[in-house]
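Novice: Sequence first, then the predicted structure:
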Amino acid sequence: MDVLLERLIAGTTDGAIYALIALSLVVVFRGTGTINFAQGEIALFTTFVAWSVVTRGMPIWVALLVATLCGFVIGVVVERVCVRPVAKRSDMAVLIVLLGLFTAFNSLDGLIWGGDTKVLPSLLPNGPDDYLAAGSARIYGDTAAVWIGTGVVLLLMIILFRFTRTGLHMRAVANNSEAAALAGVRVGRVLSFSWGLAGAIGSAAGVLITPLAPAQLSLLTMLTIFISACAAALLGGLDSLVGAVVAGLAIGLMEAFIIGYVPGLGDHLSETAVLTIIVIVLLVRPTGLFGTKKLERV
Amino acid sequence: MTTTAPAPAVEPATLPRGRRRLLVVAGSPRHTVLITASWLVVALLVVLATGLADYQLGRVTNAVIIATAIVGLNVVTGYTGLLSVGHSALLGVGAYTTGVLVVKLNLQPMITIPVAVVAGVLVGAFVGLPTIRIRGLYLAMVTLALAVAFPEILQAATGLTGGAAGLVVSVRYLFPPEWTGLTRAQRPIWMFLLSLTALAVCMLIVWWMQRSRLGRDMRAVRDHEAAAESFGVNVARTKVVAFALSGGITALAGSMLAMYVGALSPAGSFTILKAIELLSGLILGGVATQLGPLVGAAVVVYLPVLLAGVVNGQGAGVLFGLLLIVIVFVMPEGIVGRLNAGWRARVEFVPRGHPYAPTPRRERA
């Protein structure tokens, strides 16, 4: 029972972060039709920015805001300057631009902040005594911050997509960008906004998870998280926002339970086991759990 | 229009006006001279390379091995259009097959090469199997799974692979065999020639492949899968064969890598970052081109070294990333793709009997 609760908490926490980053990947995919390979590194960059803000004596809440804004700006600039000019040419060109940004951002972090590990404070008090007892398990401040943060972001996203004009435009572009353009939607702006939004969500996720990440804040913090988030976006179906959240949580929980309950696999092969399950799911549902099936005409 | 316009063979046409072009007819003396000259240049480069200092030759060897791996990636991603981020694992399959066989069974490295290739073909085909149902970026997920799983499996199978610590191939296995006549001190030259031979064989296979029916099937699948299928191309088989061939070639590169480096570790050359490096090299060099992998490998091996001379440490990485982006902006079809386009604008290559080709008088009557 102790293990169950403890694993459940760990799984939902990791899963929430996967869900957030998967969400940012899906937002970009729906607009541009590509996986943003630089997403994790952009988030890492803005998390370092947050760390800088904190070391200047500001509270972590301010740092979170600065990082999120910074992520939004980077997302817009990347879309407008790097991606849009090559997007018409070929998917491969976009891919290599994003791989270039991946390398550049990671090295830039190293250049500015150095390779040594840093510690980012949690959003909620996170001392040894700051916990809520849930049965026999303890929910510490950093975990609670991830849950609350994810909840807030999801709520904002639902409001954005359900009730605002911008959200409607984003859905229209995702559905059929040409028809949307004909109906008067400014597709370019919507794309820039999508990338900005993705950058902001990713940055928020980065700041939230870093206090809990095994690597803390270092150049490798985001790589494994990003891979799991990628898997979540694909498992959920690349164009499904709901799918990203469900699959993110599912992957987090699967990892946690495999580590906790399957001793042979959990020691070394937890990622492998999770990814194998995803591949098997994709074999049954080739466009993910919630992805729309595309009809093709010849 | 200009190159493919069919015209009656009896009416000799002239080259379109405008830019001056060099006319090359297949089989003509001019063609023969050009081909001989290119091969002479290649031979000269190889001879010059063997005269390099050991560490420089080692770097060339590294580039040759990376080029071989990219040739393999090109089969899947370039010709068949299936994005793979899992080729680091296929490289690793070849490397660890050679490594484990030499270390655990004391086999001669040369004997392990065919085993490594077969292992690569099998793993490649296995990864290719899901392509029957999974397409596009979702397929990239399968290769992503392979890339992430491979280092984990290596660490889990400690007894065989040495786990996180890795394997060290004793250097006494890696000296040139006696029949080559090379001394032990000439190991760098031996490794260079061996990996160059591997590269040449792989390029020959791919050259043959892309002219064969298989190559046409692959391009059809890449350009429009549904259309290809409706024209009778066996899409599933084509994809699986592409992955198997690609796996074999990349595993051969891995086998060379094991012999060249002599030490293997899961965190070393076989993580997803290596796959990204291979992918960058392929796209920079030019997808679906014969020489693209060579140029791309040269770029990904030498550019960081050159940049490290300009700025130190992490700055080189920033510049490398930015340069990747700049190259894509300037030449989205890759370096070789761009060169090929420029080359075609200046040289008109036609088969014998083509209307552009000057016909001998006696045949014209």
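Specialist: Sure thing, it's come through. Numbering: from 1, shown residues only, chains lettered A, B, ... in the order given.

Novice: Around chain A, which positions in the stretch 1-150 of chain B sit nearby?
Specialist: Contact residues, the stretch 1-150 of chain B versus chain A (C-beta under 8 Å from any C-beta of the partner chain): B:83, B:130, B:133-135, B:137-138, B:140-142, B:144-145, B:148-149. For glycine as for every other residue, the C-beta is placed from the backbone atoms N, C-alpha and C.

Novice: What about the closest residue to residue A:24 other than its chain neighbours, how many residues nearby?
Specialist: Of all residues not flanking residue A:24 in the chain, residue A:198 sits nearest, at 3.8 Å (C-beta to C-beta, 6 or more residues apart in numbering or on different chains). Using other C-beta atoms under 10 Å in any protein chain shown, residue A:198 has 30 other residues around it.

Novice: Next: the one 5 residues further on.
Specialist: Applying other C-beta under 10 Å, we find 30 other residues in the vicinity of residue A:203.

Novice: Could you list the buried residues of the helix or strand containing it?
Specialist: Using DSSP states H and E, residue A:203 maps to helix A:187-209. Along helix A:187-209, these residues count as buried under the neighbour rule (16 or more other C-beta atoms under 10 Å in any protein chain shown): A:190-209.

Novice: what's it packed up against?
Specialist: Secondary-structure packing of helix A:187-209 (3 or more C-beta pairs under 8 Å, 6 or more residues apart in numbering or on different chains; DSSP states H and E): helix A:2-32, helix A:39-55, helix A:60-77, helix A:141-163, helix A:165-175, helix A:177-182, helix A:221-236.

Novice: okay, those helices in a markdown table with mean neighbour count next?
Specialist: As requested, these are arranged in a markdown table below (neighbours: other C-beta atoms under 10 Å in any protein chain shown):
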| stretch | mean neighbour count |
| --- | --- |
| helix A:2-32 | 23 |
| helix A:39-55 | 25 |
| helix A:60-77 | 20 |
| helix A:141-163 | 17 |
| helix A:165-175 | 17 |
| helix A:177-182 | 14 |
| helix A:221-236 | 26 |
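
Novice: Could I get these in JSON lines, plus columns for mean pLDDT?
Specialist: Below are those laid out as JSON lines (pLDDT from 0 to 100):
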{"stretch": "helix A:2-32", "mean pLDDT": "88"}
{"stretch": "helix A:39-55", "mean pLDDT": "91"}
{"stretch": "helix A:60-77", "mean pLDDT": "92"}
{"stretch": "helix A:141-163", "mean pLDDT": "87"}
{"stretch": "helix A:165-175", "mean pLDDT": "87"}
{"stretch": "helix A:177-182", "mean pLDDT": "88"}
{"stretch": "helix A:221-236", "mean pLDDT": "87"}
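
Novice: Now distance to residue B:206 too, for those helices, in CSV please.
Specialist: Formatted as CSV, the helices and strands packed on helix A:187-209 follow (distance: least, C-beta to C-beta, whole Å):
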stretch, distance to residue B:206
helix A:2-32, 32
helix A:39-55, 33
helix A:60-77, 39
helix A:141-163, 46
helix A:165-175, 39
helix A:177-182, 37
helix A:221-236, 30
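
Novice: how about those helices, which one is nearest residue A:256?
Specialist: Distance to residue A:256, taken as C-beta to C-beta, is lowest for helix A:2-32 among these, at 3.1 Å.

Novice: report the angle between the axes of that closest one and helix A:60-77?
Specialist: 30 degrees (axes from the mean of the first three to the mean of the last three C-alpha atoms, to 10 degrees).

Novice: how far out from the middle of the chain is helix A:2-32?
Specialist: Mean C-alpha position of helix A:2-32 versus that of the full chain (C-alpha atoms, centre = their mean, to the nearest Å) differs by 8 Å.

Novice: which residues touch the residue nearest to residue A:24?
Specialist: By C-beta atoms under 8 Å, 6 or more residues apart in numbering or on different chains, residue A:198 lies in contact with A:24, A:25, A:27, A:28, A:36, A:39, A:75.

Novice: Just give me the closest of those to residue B:44.
Specialist: Of all the contacts of residue A:198, residue A:36 has the smallest distance to residue B:44: 45.2 Å, by C-beta to C-beta.

Novice: who touches that closest one in this structure?
Specialist: Going by C-beta under 8 Å, 6+ apart, residue A:36 touches A:24, A:25, A:28, A:29, A:98, A:195, A:198.

Novice: can you confirm it is in a strand?
Specialist: No. Residue A:36: not assigned to a strand; according to DSSP: H, G, I helix; E, B strand; the rest coil it is coil.

Novice: measure it to residue A:75 for me?
Specialist: 9 Å (C-beta to C-beta, to the nearest Å).

Novice: cool, residue B:82 as well?
Specialist: 29 Å.

Novice: Backbone dihedrals for the spatially most central residue of chain B, both of them.
Specialist: Geometric centre of chain B, nearest residue: residue B:71, 1.4 Å, by C-alpha atoms, centre = their mean. Dihedral pair for residue B:71: phi -60, psi -40, per degrees, to the nearest 10.

Novice: and the gap between it and residue B:201?
Specialist: For residue B:71, the distance to residue B:201 - C-beta to C-beta - is 10 Å.

Novice: And for residue B:237?
Specialist: Computed as C-beta to C-beta, the residue B:237 to residue B:201 distance reads 24 Å.

Novice: Over to residue B:211?
Specialist: According to C-beta to C-beta, residue B:211 stands 16 Å off from residue B:201.

Novice: Just flag the most distant two among the contacts of residue A:198.
Specialist: Longest span within the contacts of residue A:198, C-beta to C-beta: A:25 and A:75, 12.0 Å.

Novice: Let me see the contact set for the nearest residue to residue B:171 once chain neighbours are set aside.
Specialist: Nearest non-adjacent residue to residue B:171, counting by C-beta to C-beta, 6+ apart: residue B:262, 6.2 Å away. By C-beta under 8 Å, 6+ apart, residue B:262 lies in contact with B:168, B:169, B:171, B:174.

Novice: Closest one of these to chain A?
Specialist: Using C-beta to the nearest C-beta, residue B:168 is the member of these that sits closest to chain A, with 21.1 Å.
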